[in-house]
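Trainee: coords please:
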Amino acid sequence: MTYRDVASKQVLIWACTAVGSRMPVAMAPLALVFLVRERPGGYTLGAALAAAYVIGEIIGAPVLGMRLDPARGRRHLAVGLAGGAVGFAGLGVLAGAHPVVLGAFAFLAGAAPAAVAGGQRALLTSLVPERAVTQALSAESMLMSGVWAVSPVAVAGLALGVAPRIPLLLGAALMASSIAGHWLLPAGWAKGDQDGEAGRGKLRVLIRAWPVYVTGAASLTLLGLAELTLPALLEQRGIGVGWSGPMLAGLAVGAGIGAFLYGVRAWPGRLRTRSVVLMCGMSAFVSITALIPGAAGIAIALTLAGTLQSGALITRNLSLREALPPSALAAGYSVMYAAAGAGYAATGSLAGGLLQVVAPSTAMLAGVVLTLLLTALGWWGEARRDGSRAAGDLDVGVAPGAEGAPIAGGCDAERRL
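Mentor: Numbering: from 1, shown residues only. Below you'll find the predicted structure:
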């Protein structure tokens, strides 16, 4: 269980391909704001375009994710990336078009490649030995932390230093290059749909994993609320709002460090127990962020919250591997992506509403309470599901974990603990 098991030529190609497909996603919301900010009502229009983009992601991820073919997923991923490239190119080329036209391109840019992240994650775990799946997911989390840390800086620099449309044209070029990268990788991540349960009803199988989606979305919702309320919180504390950028960069760095540490060793306990511990720790650090008066303390608390949050997300991805058959994994990752997007979108509305009636610190603490409630709900759902599975094993006279029987805590990493 070391990162050496992940180091291979194919994983390196996958990493370059993933950066090309996900950098535009990280750039999009801010790039859309910069694109139209000089037009009348520019910031309002930019927010509307960003909303259209996110709605496209929320709709596209589960709908397209369920159609991914594990044996020939490359074709579906290529089509999605091509649609995303067209959407980003349309926004960049037709920057002065009517808002409805821009909204349509923004929706396309969000919806078309929305299932790509789920398919790429399933592909990544198929490129490494089963014993190295945790390290592969940790490496992915570190890579994406870097992408999300660099993207805002790149957007601001290109939009202000060159032209507002350049970040979107760059996004189109990156997505197009990612299509070529997939032809250097396997055509799929499984040998067809070998699982009878998935064949009878993939939707039913995906719905059964709802507790994982709830907890995964909760972690992103909490940090999303912290990010959105941070400028107002700093102003409340008498700290320069400009410090919000470096603090959020520190949060991203912390997430990368946390992902690395999670993959260094095997951690004790069930996945759902680890998830609860990490979520509670993250909630505690966000609460400290809301209550502490000094800039240094806020920065440290946010960094530590990011460190724990990346570990929590990795446990959610591992939990999906134990909850779903291999043929439904890509769809499951896509559904969780959509759930996280929906949670983040709801966070924006919640933050806007709360900040009108309560102090920023109170709004952040309200997010902590909501996160803990969602975490408890997800833990209860997972415990209930595992209990039902164990009872089913006993009913048929097979010990849980025996060959041919469902395994409570079924991923290989969980069985080794």
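Trainee: can you pull the buried residues of the helix or strand that contains A172?
Mentor: For A172, the enclosing helix or strand under DSSP states H and E is helix 166-182. Using 16 or more other Cβ atoms under 10 Å as the test for burial, helix 166-182 gives 166-179, 181-182. For glycine as for every other residue, the C-beta is placed from the backbone atoms N, C-alpha and C.
Trainee: flag the shaky bits of the stretch 251-400 of the chain, pLDDT-wise.
Mentor: Where the stretch 251-400 of the chain drops to pLDDT under 70, the residues are 389-400.
Trainee: can you give me the helices for it?
Mentor: Secondary structure of the stretch 251-400 of the chain, counting by DSSP state H, counting those that start in this stretch: helices at 271-291, 295-323, 329-357, 360-395.
Trainee: if we can go back for a sec, and the helix holding A172, what other elements does it pack with?
Mentor: Here helix 166-182 touches helix 9-36, helix 73-93, helix 133-161, going by 3 or more Cβ pairs under 8 Å, 6 or more residues apart in numbering; DSSP states H and E.
Trainee: I'd guessed D69 sits against H76; true?
Mentor: Yes: in this structure D69 lies within contact range of H76 using Cβ atoms under 8 Å: 6.3 Å.
Trainee: that older thread, with distance to V54 and mean neighbour count as added columns, please give the helices of the stretch 251-400 of the chain in JSON lines.
Mentor: Shown next, in JSON lines, are the helices of the stretch 251-400 of the chain (distance: least, Cβ to Cβ, whole Å; neighbours: other Cβ atoms under 10 Å):
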{"stretch": "helix 271-291", "distance to V54": "22", "mean neighbour count": "21"}
{"stretch": "helix 295-323", "distance to V54": "19", "mean neighbour count": "23"}
{"stretch": "helix 329-357", "distance to V54": "5", "mean neighbour count": "21"}
{"stretch": "helix 360-395", "distance to V54": "18", "mean neighbour count": "17"}
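Trainee: out of those helices, nearest to L203?
Mentor: helix 329-357 (8.9 Å; Cβ to Cβ).
Trainee: out of the buried residues of helix 166-182, who's nearest P293?
Mentor: Using Cβ to Cβ, the buried residues of helix 166-182 come closest to P293 at P167, 36.4 Å.
Trainee: ok, the closest one - contacts?
Mentor: Contact partners of P167, counting by Cβ atoms under 8 Å, 6 or more residues apart in numbering, are M27, L30, A31, F34, L35, A154, V155, L158, A159.
Trainee: can you rerun that using 7 Å?
Mentor: M27, A31, F34, V155, L158, A159 (Cβ atoms under 7 Å, 6 or more residues apart in numbering).
Trainee: tell me how many other residues crowd the third one.
Mentor: Using other Cβ atoms under 10 Å as the criterion, F34 is surrounded by 22 other residues.
Trainee: and for the first one?
Mentor: Burial of M27 is recorded as 26 neighbouring residues (other Cβ under 10 Å).
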